Structure formats: structure tokens, C-alpha cells
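Chemist: kindly return the folded structure for what I paste below:
(chains A, B, C and D)
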Protein chains: 2
Amino acid sequence: MTVQLAIRTPSHALKARTDWMAGQDSPEPFRVAGTVVHVDEGREIFAEGEDTDCFYKVISGVVRVCKFLSDGRRQIEAFHVAGEIFGFELGGEHILSAEAVSDCTLVSYRRRNVEMMAQKDHTVTRHLFEVAMQSLAQAQGHSLLLGRRGAMEKVASFLLTWATHSTDRHIVHLAMTRQDIADYLGLTIETVSRSLSQLERDGVIALSSVREIRLKNVEALEDLAA
Amino acid sequence: MTVQLAIRTPSHALKARTDWMAGQDSPEPFRVAGTVVHVDEGREIFAEGEDTDCFYKVISGVVRVCKFLSDGRRQIEAFHVAGEIFGFELGGEHILSAEAVSDCTLVSYRRRNVEMMAQKDHTVTRHLFEVAMQSLAQAQGHSLLLGRRGAMEKVASFLLTWATHSTDRHIVHLAMTRQDIADYLGLTIETVSRSLSQLERDGVIALSSVREIRLKNVEALEDLAA
DNA sequence: CGCTTAATTGATCAGGGTCAATCGTGGTGG
DNA sequence: CCACCACGATTGACCCTGATCAATTAAGCG
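Modeler: Model (predicted):
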């Protein structure tokens, strides 16, 4: 067994990374400990302060992981799609909470079981490491996005990121509301809306429906995302 | 051996976490592979795009890890102090660059060597995992900070975070320039300066010297940090 | 002591936040 | 089937925070 420090997958293509869990030299290590659960749209999966008994893998649907600030503001740390793992935290209790953006199917893993498995099978430890590194890359990418000044830059980046999750990379289906996007980008709902309208006026995108966006000029978007 | 998923150390107290590398059940696993290097203030440690041959541990001094955007803006992802590990990335080449904020003493580890050690000694894999989790917590904290709206909130949080690195938690010695702070918080140098001046006018802090700040009213700062 | 670079302060401007009204859309029940 | 309702999204008007531009001050350092 070799520790694979070199993982060349770009951070925005997490979905495609599911393979490492099913690959030849690394069979799905958590499956035996996992329980399939369904969560309805809008429902909470875990809350800030709860014990970190479990972590989860998304089978289908979209999950948001977020923090509620004292004054009511909400900050979304990440959206998670099929294949991604979330709720995997350092301390004994969750620092963040998680909710279903759409109806979701998840696998829930008992941390205790996985810890025990890690004792017997060190490839599990390695997988925990890889999951942590994936999350790290994602979190760093998010910081970079938030640090970016312009609202346009943020929105353009967001669309490009989500285009990679689509089958057709010119059609972006957004599972989340404008409010979710705003809270993810550190903007207001109005600014997100205005930015999208502006992009449509400029002929860069087309808002087929509220949740369905056609990317008409990906290059222009990439320029805007800087 | 047990995989320690439960690490209760708060993310802002990374410095104090050096112990896990020297503790009884986890002797310093990288030391044998490490080389001590000195880096002068302002010097580059590695650049974006370089091969990720090495990663580093800070012995003394402060390091900034950052990204340069196409238009010249700079975004600082993190500052690293004694005991912390950085330059530990997913891909084959660095996404971020690193520079010495002050004169630094570092230990450089060849990734190849550590990979080989991980084959023989699985506690190394575990340590890689723990380092990744620490970095993750730090990156998430940073996202939260950047997402927060007010300039004051950001500056207050920043000061409180750095107070934990001081021996006397009422005296904060800043190794970095205002520009560094600005690039870390996603603000301009002027806004950082004005925020500090405002805090001083309000009697919350005292600017003993440019780089030395006395926290006169920690509680007020905590309120501002929200 | 003057030179250079960082930091502070001031004046002005603009991007995005806030408040408020309107529009769409999907769901429900008559 | 359609009218109504509720909620999300869009759009507009205005304001405020923080960016920008510019000048001054302070702090190393040869």
C-alpha cells in the first residue's frame, strides 16, 4: 500500500472523485458501516452543537453546510452533491449545521464504527485522510471566492463551478434558492439577482427558468470570474 | 492504536497542538525526514505552480500562504506560526505560494520520504490525516471570517485570534504589515488602519507601536467580533 | 540626517446593502 | 379549470460602508 499524496483532481470536480472509493485498490471502505437515509427538502440533517456521532455521504440531492451567526445571518460553507462526504469534523460536536437543499438520499456512517475499522484496516485511515484533503481544497477554494471583490466575479465563478456538476455543461440546474447562493457568496439575494439579470442582458447567460440557466458564452463568464 | 477522530482543540489554538507530534503515543513522525532551513523575511518559500515535493513545519517566525490573482490582487489564505504545517496540498503542484512574513526557521519534509514512511508506519498516515483536519478547520474558520460583513468584525476577530498566539494575551505582537492583514481579511490597508484607529479612539485597544497592540477591553472586542 | 517605505488621515466615489414595490410561479381549494 | 394565495425572484430608489485617490506623518536604516 502506498499513501497517495498526489491526487491531481481539481477541487471543483469532486463529483468525479467518487471513484477512489470504489476503485480496485480501494474498495468502498465505509459501506459496511453505513445506513441509507432519506431527508426531505429543507430538513435539518444535523445542527451546530450536536455530537459528531455520524458523518454522511451524499448519494443524491444537494446538501448545504452552514453556520448561523448570532445576528441571524447565515453563512453557507459548502454545497455537497453526490459522492461527497460532509459532517466530518474535528471536535466532539458539530461547528456547522447541515440541511437538505433538495430531497436527499444519504449514507450515514457511525464515527465509532469507522474508528474501529480504521484500527483493523489502515486503508480506512488513508481514506479519512483523502476525504479531509478534499474538504480542505474545497474550503480553501471557498475562501478565495469570498475574498474576491466583485459580486460579478463571485456569481460568474459560482455558475462555472456548478456547470461542472451538470451533464450538459452549458445548462446549469440550480438546486438552491437565490438566498442560498447569496449566503454562499457573502452577498444579498438582491445582488445575486441583479448580477444574473445583468449577465442575461449582456447575452452571457439565459435564465430559461428560475432554477435553470443556460450558459451562452462560457468564455465571457471565465473572463468575469478572473 | 486508535484513530483519534475526536480532537477537541479549538482551531485558533493550533500552536498549542504541537504536542501531538511529540506526545507519548505519537512521537514526532516526520523529524527523520526533515531538513532545517532558514528563510529571510519577505523571501519566497515556494511559488504557485511549483512541484509539491516538500511541505514544511514552522519552527519559529511567521509564514503567509497566498494566491496572486490575475489583476495583481493578493489573497492571503493563512498565516502560520510555530508548530503548524503548511504547503501540504492535493495536486502535484502548489495552488498557493508561501512567503516568510518574518525571518523563519522551518523544517522541510520531502513528500516522497514521508510517503515511504507511511508505508512502514501507519501512525504517519494518521498524522497526515490530523494535519489535514487542522488545516481544514482553519480554512473553514477563514471562510466564515471573510463572509462576515463588517470591517470591524473582521479586524476584531483577527486581533482576538492573534492574541491567542501571544504569551500575554493582552499584548498582540503583529509580525505582519497592514497590507498583509488587509489581504487576509479581504479589506484595503486604509480600512484596516481606520478600524484600528477607531478601536483606539473607543479605548478598546492601544497602539503601543505599529506592530504592538494592547488589548484594553477584550470583552468589547469579543462583542464587535460577534 | 535625509531617504525610503509603511501607516495614518482626509475627501470623494461607487458597489453593494437596505427598504419597498411588483412580478412570477407553483400549489391549493372552490 | 381557474382564481386565489403564498413565497421566491426581480426591479427600483436610496443610502452607507468601504474602496479609491491623495496628502501627510511616522518609522526604520544606511
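
Chemist: tally of neighbours for A:S102?
Modeler: A count of nearby residues for A:S102, using other CB atoms under 10 Å in any protein chain shown, gives 14. In short, each C-beta sits where N, CA and C put it, glycine included.

Chemist: secondary structure class for it?
Modeler: The assignment at A:S102 comes out as coil when based on DSSP: H, G, I helix; E, B strand; the rest coil.

Chemist: one more: the one 4 residues further on?
Modeler: Remark: A:L106 carries the secondary structure label strand [criterion: three-state DSSP].

Chemist: does it have any beta-bridge partners, and if so which?
Modeler: Beta bridges link A:L106 to A:V37, A:V58 when assigned by DSSP bridges.

Chemist: those helices in chain A, which residues are they?
Modeler: Using DSSP state H, the helices assigned to chain A run over residues A:19-22, A:111-120, A:122-147, A:151-163, A:178-185, A:189-201, A:218-225.

Chemist: now check the longest one, is it near DNA strand D?
Modeler: No: residues of helix A:122-147 contacting DNA strand D under CB under 7 Å from any atom of the strand: none, with a closest distance of 10.1 Å.

Chemist: what about that helix, average pLDDT?
Modeler: Per-residue pLDDT over helix A:122-147 has a mean of 92.

Chemist: so where's chain A uncertain?
Modeler: A:1-29, A:31-33 (pLDDT under 70).

Chemist: list of residues touching stretch A:179-187?
Modeler: Stretch A:179-187 is contacted from outside by A:64, A:66, A:73-76, A:78-79, A:101, A:145-146, A:151, A:154-155, A:158, A:174, A:176, A:188-189, A:191-192, A:195, B:146-147, B:149, using CB atoms under 8 Å, 6 or more residues apart in numbering or on different chains.

Chemist: of those residues, keep whichever come out buried.
Modeler: Buried subset of those (neighbour count, 16 or more other CB atoms under 10 Å in any protein chain shown): A:64, A:66, A:74-76, A:78-79, A:101, A:145-146, A:151, A:154-155, A:158, A:174, A:176, A:191-192, A:195, B:146-147.

Chemist: now, which of those lie close to DNA strand C?
Modeler: Contacts with DNA strand C within the buried ones among the contacts of stretch A:179-187, as defined by CB under 7 Å from any atom of the strand: A:A151, A:T191.

Chemist: quick revisit: looking at the helices of chain A, which is nearest to A:V37?
Modeler: Smallest distance to A:V37 across the helices of chain A (CB to CB): 15.3 Å, for helix A:111-120.

Chemist: got the angle for that closest one vs helix A:122-147?
Modeler: Angle, helix A:111-120 to helix A:122-147, by axes from the mean of the first three to the mean of the last three CA atoms, to 10 degrees: 120 degrees.

Chemist: ok, and for helix A:111-120, which residues are buried?
Modeler: Using 16+ other CB under 10 Å as the test for burial, helix A:111-120 gives A:R111, A:V114, A:E115, A:M117, A:A118.

Chemist: try stretch A:101-109
Modeler: With burial defined by 16+ other CB under 10 Å, the residues of stretch A:101-109 counted as buried are A:V101, A:C104, A:L106, A:V107, A:S108, A:Y109.

Chemist: contacting residues for the second one?
Modeler: Going back to what we said before, that points to A:C104. A:H38, A:V39, A:I45, A:V58, A:I59, A:S60, A:G61, A:V62, A:V63.

Chemist: same thing but 6 Å
Modeler: Applying CB atoms under 6 Å, 6 or more residues apart in numbering or on different chains to A:C104 gives the contacts A:V39, A:G61.

Chemist: next one: it from B:G91, what distance?
Modeler: Distance from A:C104 to B:G91, counting by CB to CB, to the nearest Å: 30 Å.

Chemist: so A:E50 sits against A:H94, correct?
Modeler: Yes: at 5.2 Å, A:E50 and A:H94 qualify as touching, with contact defined as CB atoms under 6 Å.

Chemist: looking at those two, which is more packed in?
Modeler: Legend: neighbour count by other CB under 10 Å for A:E50 and A:H94, higher for A:H94 (22 against 15).

Chemist: would you agree that one is in contact with A:D51?
Modeler: No: the pair A:H94 and A:D51 does not pass the contact test of CB under 6 Å, sitting 7.8 Å apart.

Chemist: and for A:D168, the neighbour number?
Modeler: A:D168 sits with 10 neighbouring residues when counted by other CB under 10 Å.

Chemist: domain ranges for chain A?
Modeler: Residue ranges for the domains of chain A, per automatic domain parsing: A:11-146, A:149-225.

Chemist: tell me how many other residues crowd A:Q179.
Modeler: A:Q179: 13 neighbours (other CB under 10 Å).

Chemist: from A:E200, how far out is it?
Modeler: Going from A:Q179 to A:E200 by CB to CB gives 19 Å.

Chemist: roughly how far does A:R111 sit from B:H173?
Modeler: In terms of CB to CB, A:R111 sits 39 Å off from B:H173.

Chemist: spell out which residues of chain A are next to DNA strand D.
Modeler: A:149, A:177-179, A:189-190, A:192-194, A:196-197, A:207, A:210.

Chemist: which bits of chain A sit near DNA strand C?
Modeler: Residues of chain A found near DNA strand C (CB under 7 Å from any atom of the strand) are A:R149, A:G150, A:A151, A:M152, A:G186, A:L187, A:T188, A:E190, A:T191, A:S209, A:V210.

Chemist: what is the most widely separated pair among those?
Modeler: Across those (CB to CB), the longest gap, 30.1 Å, separates A:R149 and A:S209.

Chemist: what is the burial count for the closest residue in space to A:S197 that isn't next to it in sequence?
Modeler: In this structure, A:S197 finds its nearest non-sequential neighbour in A:L207, 8.0 Å apart by CB to CB, 6 or more residues apart in numbering or on different chains. The local packing of A:L207 (other CB under 10 Å) involves 13 other residues.

Chemist: same deal with A:G91?
Modeler: Neighbours of A:G91 (other CB under 10 Å): 16.

Chemist: any idea how far it is from A:N217?
Modeler: For A:G91 relative to A:N217 (CB to CB), the value is 45 Å.

Chemist: check A:G34 too.
Modeler: 42 Å.

Chemist: these two - which one has more neighbours?
Modeler: Taking other CB under 10 Å, A:G34 and A:N217 do not tie; A:G34 has more neighbours (20 against 15).
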